[in-house]
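In: Structure for the following, please:
(chains A, B, C, D, E and F)
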6 protein chains.
Amino acid sequence: MRSVNYSQFSFFNIYFPAEFVVHVEINRPRKLNAFNKETWTQLRDIFHLISTDPNVRVAILSGAGERAFTSGLELSPGLLAMLNGGDYEEERARFMTRRVIRDFQDSISSIENCSKPVIGLAHGVAFGLGIDILSATDIRICTSDVRFSVKEVDIALAADIGTLQRLPKVVNSLSWCKDVVYTARVFGAQEAHVQGFVSNVVASKEEGLEAAFELAKIIVAKSPVAVQGSKHLINYSRDRTVQDGLEYTATWNAFAIGKDMKDAVASTMSKSKPQYGKL
Amino acid sequence: MRSVNYSQFSFFNIYFPAEFVVHVEINRPRKLNAFNKETWTQLRDIFHLISTDPNVRVAILSGAGERAFTSGLELSPGLLAMLNGGDYEEERARFMTRRVIRDFQDSISSIENCSKPVIGLAHGVAFGLGIDILSATDIRICTSDVRFSVKEVDIALAADIGTLQRLPKVVNSLSWCKDVVYTARVFGAQEAHVQGFVSNVVASKEEGLEAAFELAKIIVAKSPVAVQGSKHLINYSRDRTVQDGLEYTATWNAFAIGKDMKDAVASTMSKSKPQYGKL
Amino acid sequence: MRSVNYSQFSFFNIYFPAEFVVHVEINRPRKLNAFNKETWTQLRDIFHLISTDPNVRVAILSGAGERAFTSGLELSPGLLAMLNGGDYEEERARFMTRRVIRDFQDSISSIENCSKPVIGLAHGVAFGLGIDILSATDIRICTSDVRFSVKEVDIALAADIGTLQRLPKVVNSLSWCKDVVYTARVFGAQEAHVQGFVSNVVASKEEGLEAAFELAKIIVAKSPVAVQGSKHLINYSRDRTVQDGLEYTATWNAFAIGKDMKDAVASTMSKSKPQYGKL
Amino acid sequence: MRSVNYSQFSFFNIYFPAEFVVHVEINRPRKLNAFNKETWTQLRDIFHLISTDPNVRVAILSGAGERAFTSGLELSPGLLAMLNGGDYEEERARFMTRRVIRDFQDSISSIENCSKPVIGLAHGVAFGLGIDILSATDIRICTSDVRFSVKEVDIALAADIGTLQRLPKVVNSLSWCKDVVYTARVFGAQEAHVQGFVSNVVASKEEGLEAAFELAKIIVAKSPVAVQGSKHLINYSRDRTVQDGLEYTATWNAFAIGKDMKDAVASTMSKSKPQYGKL
Amino acid sequence: MRSVNYSQFSFFNIYFPAEFVVHVEINRPRKLNAFNKETWTQLRDIFHLISTDPNVRVAILSGAGERAFTSGLELSPGLLAMLNGGDYEEERARFMTRRVIRDFQDSISSIENCSKPVIGLAHGVAFGLGIDILSATDIRICTSDVRFSVKEVDIALAADIGTLQRLPKVVNSLSWCKDVVYTARVFGAQEAHVQGFVSNVVASKEEGLEAAFELAKIIVAKSPVAVQGSKHLINYSRDRTVQDGLEYTATWNAFAIGKDMKDAVASTMSKSKPQYGKL
Amino acid sequence: MRSVNYSQFSFFNIYFPAEFVVHVEINRPRKLNAFNKETWTQLRDIFHLISTDPNVRVAILSGAGERAFTSGLELSPGLLAMLNGGDYEEERARFMTRRVIRDFQDSISSIENCSKPVIGLAHGVAFGLGIDILSATDIRICTSDVRFSVKEVDIALAADIGTLQRLPKVVNSLSWCKDVVYTARVFGAQEAHVQGFVSNVVASKEEGLEAAFELAKIIVAKSPVAVQGSKHLINYSRDRTVQDGLEYTATWNAFAIGKDMKDAVASTMSKSKPQYGKL
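Out: Presented below is the predicted three-dimensional model:
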């Protein structure tokens, strides 16, 4: 029986397609899965739950329906007012703007900070916030008909919830990256693949889910101690000197090496499949 | 009427091919656009002017003539003497060497620090300093006949005005990068494209200028608040942790969100084209 | 006559195929060149010697025999016990684990810290530790039949001697990188090339050595002041802001510019080949 | 009427001794105000509330009763078991230990991250956790009979919730700091004052509260935009280069300069007392 | 004859009281040496000149007249308008505010970036900007009647040109530092001395100048290579890890050790006074 | 029986005055304990041995004889030649200078990197290198007749083996620090105490050793897991943001909490004295 309660989220479908695999689906298909304040709050809460749920080892994130991963932020009057600081005046309004952005950033960072790997499946429209979210996932797959756009400049905004920080660190060419950021032009699966934004292109959303499930099944069979350590240590080291990354990693493995390694080595010897405890 | 005076630069041609677009052309074609001390001083002054000129939103940088973007530093006796500390002796000469390099670095960094995006168009010969300069631009285009070389080791020099800092951060493969740095070998458009150094290859310099103008026109139609913010924030975040990048960005947008976003959203609603104020 | 004594290393063959070129070969072919404690100690000692040996300007690293670059760490009972802290109990055992990892990291970092460029030639099996080692080399070549794997999660280990720090900084796509880290799946030459992990693919180990020798010969003809400076400055700058990299580089070249540059410029004028002093 | 509800905290008394001033009192006097898990969770919740409560501009933190600010962590069997990873085994237990420490750190950091200045009043016993908490406050006052101790080594623990990070950055001498950390010896008001740990020594807790109220009243009369900005910017700059601190500060004040400054200047001219809006 | 022209600065008196010593005096005594835009521009220009003037080895900075070092920023309507972005509207005005602050910061940082040591002599009133300036000098002396205040919060401003970055790094106690920042209270010579803000207290401005001249004379007799290196390396290392500071310093001294050291050692042997070349 | 061999060091006396305490004495009293190359090599080797010797928990460092802790570097012709790059010419000589400095730095850093606390006892003359060494110890005591000097500028040298990095981080006032660095003036016990350079002043070397032994005895009775962790974590955190220090510390204690804490708590309950295992 599942002890963590995932039923409380109105804007997301949450499935468990296989042992240790959770599938999170943004569920506002009529709005092209656009995000309002409630949606981003729920996103954070979901990935906080996943992060410490011992029954989950890998998460898959997609949009509901065929048309969109997400069309981005829903530009409702309420949300625009909130971004402009609500009823406060002048610098107080701007303190509020800053607070709203920090809160929204925390929501997207919950994917990166989630201790379990997250596979992003992009399909249909993946605009604006869609790029922010996907850049925060670990492994990205897309369908051949996907349409990506770093859309923010089209609403006169420098993207502020992760794209400008993470996109240049996950792709190939900074020249290409600035091109798509400054122009907000739409690009497709082929270009995303060549630039390394996605590492796999599939024919349809259905195939994409299958590919994600296959990948997830491989990962959940590995030691969660090793997989979760790897995610944390890659992200930590990305932001620091090689020397600092090495020292932190040695300190990490001083506690993380133990029973799982013994079991893995024993399984290798006996050619059996290791069974790792939950984490 | 243009209030900023760009007519004072003997080594550069400065054109205004379209509203908000400036085209800066290195103009020593007989010397293959090689740089002496005066040239790099003028380069800095030009990009300082552009940085705060409200009539410019995008700059394009190319070489005059067909033969070269630039062949690099002009190794005149005077310049070599200056690099070796002039008439000073021993450690004092080396203080002077350090000062000259710092001054030259500031010149090249003026492109990166310029608040407006800079599109580099490489053509013909782009050797040594040419790579330093191009690495500091935002978006790089090249002609199919371009010949690049990180030439510095051929004059027994570890490149010291930007290539070793920026090139590894704008391209794909560090293995490739060290290959071209240690060997000073010439590489062409195809290789530059695969490695992500350029994001577009064109048939001729003329086509290259057209491509650059097209790109520039798209960018100048966007909010300069959003575009200039994006450039600054990408460069800031490249050098820092994702967390620091996010915090700085939230603080930035606390002041940068305002009228432009309201205009952009209103234009989207009314399907009109937004007109943004100068910046 | 060679003054540095390289004859003391039981697990390595050391050749001098050309002036200024050393070829280091991991020599446990019956064990697929797997590493035990003694092997990694010798690796560090060799690269310390090379780093200050004026008769070496470039090193090439490969495995002995056709079958493997290296199959990785030899999981002997003794080594596993050592990784688990030996006879100590609880937190003391874990202090020992940390110390062993730090020592092992130092061994691999000796390749990066070696002042001379190191060309890695991957062939046959290059698993686990093989990726850690190759990521620490400067330029990577592989044979078309190579089989790479970031194998560590298969022994329930987050890779802790360099792969998680360096691999993301030498390749294209972080999505691809996490894919191969989390799954430990085998990938080949083509994939390694597209991702930028290697910059050259050759048909056989023999051809690979020839390609490495050719590359080495080009590099050893350059000023060692310039080449060693370039290696140091690229690695230093990779880990720091562009500004810090520039300032450090100016300080470096304040002492590194001198006779070699004068000789190089004179040779260019006289169209002769410069002869640089040893370093 | 107060809109924020502070009545829900069983282990804290919360008073409002003056407009814009909150007084938070650790309230387990029979246990010398020792902390269990619930206490540190409440501490975090309280400072989160204060951070965005527009009716609070300064917080004062003390212990209930005369005998102790806090004697530190309550070493109950349950808490010790939790610190040792609960029922999990080996490396999983240690993942849990790490998670508990991170959670506890977040609680203490909530004082530093609280946007309003926090004045710590130390009195009686202030051991272990008491130093962690006080180091995270902004301004420290103590009574002449206070007894401080960095107590952690006496339970065989390297202090892990802030003292080792913050204490060396708030006091004078690193030699003194390591002395009191390694020996866990008790030190008094005089020594704390000379070392700069406290900036004011008072005769009794009663006098201390008066001094804190006086100080608080001065601060609450200032612009909260300026005071909260100052706290944030000092803490941000403490951890970064002067250059980074300056750049961040310029970006911050680009939004924070506004109506309050106009009001302040106008008040200065008219020799009236400015009334600032809530924040 | 002096080749550098210091006569062009209307708001400063510039004296040369001894060989290699320059005395810079803020010269608006009727305005209590308050700063307007022109004043801060001149300050920067002066310290840029000093930084590379081989005839200067130490600078002394004081205010003209007895009444004030400086009363801080002159809050004229023009300056307030400029700080508020001039005629621009909304976010554009805030871009301008940011630009003004950055420009002002550069002015103050010119003291820190000046390659020669700067001795600050505080006397009379040293409010607001006075603390920013003094924190950027190397060695601080004050008269016994000095009145210091981190005045910025009294105009509803978080100090933004250096105090929040530098003051905590030059004094003793962070508790004291935040106290004087949040309250803007006046403090005197004794308190400044105990906290380490000044290292010498003298009876009058006259005595202070004498003390400064004495100190300057000692410093100008030392090797300028060593003194200027020490200033640069202390400031560099203050902002970085000890390891990075050490590596940078080794690289620095690789060029800075030379003739001066030989002369110094020879002088020690012969008990003569070394004469060092200009720098 | 002692398994580590400390008898091989010609320039040091090594005593074991109490269980777990080692006393290292610089032993060239006729040369005022000046350092030549061999001395600094031995210093490093000794602290490497101590760092992993389970029979040592605290080290005390002093000079032999009454006259000097150390008078600093011995300026022999051979050492000066080595500092100037030996027989190499121009930039090669400067590579050698850099290598010598790096090697010397490593020697001094071995005190900071030693996992056990080091108490420095300064007496008599403590010039130049003496300050570098003392700044790298953890706790400093001095005799009332000590004479300190940051002597390096007197040989035209910017101190390059630690003083410029560490001294500003262990004392009170940066103004004072720059004063003694730029002037090389002698200062005594009282000044060192007020500035926090030493935390204890004693009447004589004999009393100093007694004070150091008393302090050492207190520390060796504590858990070495806690003490060594505290040293490492304070030094790590000194160089990084508070956030990074906290995260690293949580990871460290995830392995370091264990049997010692259980023993410590049990001892507290039973009011017995805990006996900790060696480390």
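In: Only C-alpha atoms from now on, for both contacts and neighbour counts.
Out: Will do.
In: Return the distance of stretch A:201-215 from the chain's centre.
Out: On the basis of CA atoms, centre = their mean, to the nearest Å, stretch A:201-215 is displaced by 16 Å from the centre of the chain it belongs to.
In: average pLDDT for it?
Out: Here the mean pLDDT over stretch A:201-215 is 98, rounded to a whole number.
In: For it, buried residues please.
Out: Using 16 or more other CA atoms under 10 Å in any protein chain shown as the burial criterion, the residues of stretch A:201-215 that qualify are A:Val201, A:Val202, A:Ser204, A:Lys205, A:Gly208, A:Leu209, A:Ala211, A:Ala212, A:Phe213, A:Leu215.
In: For the stretch 151-279 of chain A, what lies in contact range of chain F?
Out: Taking CA under 8 Å from any CA of the partner chain as the measure of proximity, the stretch 151-279 of chain A contacts chain F at A:Tyr248, A:Thr251, A:Trp252, A:Ala254, A:Phe255.
In: Please work out how many residues are found near whatever residue of the stretch 101-250 of chain A ends up closest to chain F.
Out: Shortest the stretch 101-250 of chain A-to-chain F distance, computed as CA to the nearest CA: residue-wise this is A:Tyr248, at 6.7 Å. Applying the criterion other CA atoms under 10 Å in any protein chain shown, we find 21 residues in the vicinity of A:Tyr248.
In: Need the pLDDT of it.
Out: What the model reports as pLDDT for A:Tyr248 is 97.
In: Test my guess that it contacts F:Glu247.
Out: No. The pair formed by A:Tyr248 and F:Glu247 falls short of the contact definition of CA atoms under 8 Å, at 9.5 Å.
In: coming back round to it: if you look at the residues of the stretch 151-279 of chain A next to chain F, which of them are in helices?
Out: For these, the ones inside helices are A:Tyr248, A:Thr251, A:Trp252, A:Ala254, A:Phe255, with DSSP state H as the criterion.
In: now, among those, which is nearest to E:Gln105?
Out: Proximity to E:Gln105 was ranked across these by CA to CA; first place goes to A:Tyr248, at 36.0 Å.
In: Can you name the residues that contact that closest one?
Out: The neighbourhood of A:Tyr248, defined by CA atoms under 8 Å, 6 or more residues apart in numbering or on different chains, consists of F:Tyr248.
In: Surely A:Pro117 touches A:Gly229?
Out: No. Using CA under 8 Å, A:Pro117 makes no contact with A:Gly229, being 10.3 Å away.
In: what about those two, which has more around it?
Out: Per other CA under 10 Å, whichever of A:Pro117 and A:Gly229 has more neighbours is A:Pro117, with 29 against 23.
In: Give me the spatial nearest neighbour of the more buried one, chain neighbours excluded.
Out: Counting by CA to CA, 6 or more residues apart in numbering or on different chains, the nearest residue to A:Pro117 once its immediate chain neighbours are dropped is A:Val58, at 5.2 Å.
In: Same question for A:Trp176.
Out: Setting aside the residues directly before and after it, A:Trp176 is nearest to B:Ser199 in space (CA to CA, 6+ apart), at 5.3 Å.
In: A:Arg57 now?
Out: When the adjacent residues along the chain are set aside, A:Arg57 lies closest to A:Phe20, with 5.0 Å between them (CA to CA, 6+ apart).
In: Surely the one you found touches A:Val58?
Out: Yes. Counting by CA under 8 Å, A:Val58 is a contact partner of A:Phe20 at 6.6 Å.
In: Between these two, which has more neighbouring residues?
Out: Neighbour totals were compared for A:Phe20 and A:Val58, and A:Val58 leads with 27 against 19 (other CA under 10 Å).
In: Surely the more buried one touches A:Val22?
Out: Yes. Proximity of A:Val58 to A:Val22 meets the contact threshold set by CA under 8 Å, at 6.5 Å.
In: Give me the number of neighbouring residues for A:Val24.
Out: By other CA under 10 Å, the residues close to A:Val24 number 22.
In: A:Tyr15 is in contact with that one, correct?
Out: Yes. Under the contact definition of CA under 8 Å, A:Val24 touches A:Tyr15, with a separation of 6.6 Å.
In: re earlier: give me the pLDDT for the residue nearest to A:Arg57.
Out: pLDDT recorded at A:Phe20 is 97.
In: Next: the one 4 residues further on.
Out: Reading off the per-residue confidence, A:Val24 sits at a pLDDT of 98.
In: I'd guess it is in a strand, am I close?
Out: Yes. Using DSSP: H, G, I helix; E, B strand; the rest coil, the assignment for A:Val24 is a strand.
In: what's near enough to touch it?
Out: Residues near A:Val24 by CA under 8 Å, 6+ apart: A:Phe12, A:Asn13, A:Ile14, A:Tyr15, A:Ala59, A:Ile60, A:Leu61, A:Ser62.
In: right, and the second one touches A:Pro29 too?
Out: No. At 11.3 Å, A:Asn13 and A:Pro29 do not qualify as touching, with contact defined as CA under 8 Å.
In: what is in contact with the two at once?
Out: With the criterion set as CA under 8 Å, 6+ apart, the overlap between the contacts of A:Asn13 and A:Pro29 is A:Ala64.
In: and the helix or strand hosting A:Met82, what other elements does it pack with?
Out: In the assignment (DSSP states H and E), A:Met82 maps to helix A:77-83. If contacts are counted by 3 or more CA pairs under 8 Å, 6 or more residues apart in numbering or on different chains; DSSP states H and E, helix A:77-83 sits against helix A:90-113.
In: Any chance of the backbone angles for the residue most central in space within chain A?
Out: Geometric centre of chain A, nearest residue: A:Thr137, 2.8 Å, by CA atoms, centre = their mean. Dihedral angles phi and psi of A:Thr137 (degrees, to the nearest 10) take the values phi -80, psi 170.
In: State whether A:Asn55 is indeed within a strand.
Out: No. Inclusion of A:Asn55 in a strand is not indicated when three-state DSSP is applied; the result is coil.
In: Would you enumerate the residues in contact with the spatially closest residue to it that is not a sequence neighbour?
Out: With sequence-adjacent residues excluded and distances taken as CA to CA, 6+ apart, A:Asn55 is closest to A:Phe20, at 5.3 Å. By CA under 8 Å, 6+ apart, the contact set of A:Phe20 is A:Asn55, A:Val56, A:Arg57, A:Val58, A:Val220.
In: quick one: contacts for the fourth one?
Out: Read that as A:Val58. A:Phe20, A:Val21, A:Val22, A:Lys116, A:Pro117, A:Val118, A:Ile119, A:Ala216, A:Ile219, A:Val220.
In: Show me which of those is closest to A:Trp40.
Out: Proximity of these to A:Trp40, judged by CA to CA, is greatest for A:Val118, which lies at 16.7 Å.
In: And the residue lying closest to the closest one once chain neighbours are set aside, how close does it get to F:Phe95?
Out: Beyond its immediate neighbours in the sequence, the residue positioned closest to A:Val118 (CA to CA, 6+ apart) is A:Ala59, lying 4.7 Å away. When distances are taken as CA to CA, to the nearest Å, A:Ala59 and F:Phe95 turn out to be 52 Å apart.
In: Among the two, which residue is more densely surrounded?
Out: A:Ala59 (27 against 22).
In: Check for me that the more buried one belongs to a strand.
Out: Yes. Counting by three-state DSSP, A:Ala59 is part of a strand.
In: pretty sure it contacts A:Cys114?
Out: No. Proximity of A:Ala59 to A:Cys114 does not meet the contact threshold set by CA under 8 Å, at 9.5 Å.
In: shared neighbours, these two?
Out: Between them, A:Ala59 and A:Cys114 share the neighbouring residues A:Ile50, with contact defined by CA under 8 Å, 6+ apart.
In: In strands, which of the buried residues of stretch A:201-215 fall?
Out: In this view, the buried residues of stretch A:201-215 that belong to strands under DSSP state E are A:Val201, A:Val202.
In: Quick check: of the buried residues of stretch A:201-215, which lies closest to A:His193?
Out: Using CA to CA, the shortest approach to A:His193 within the buried residues of stretch A:201-215 belongs to A:Val201, at 7.1 Å.
In: Write down the beta-bridge partners of the closest one, one by one.
Out: A:Cys142 (DSSP bridges).
In: Good, we can wrap up now.
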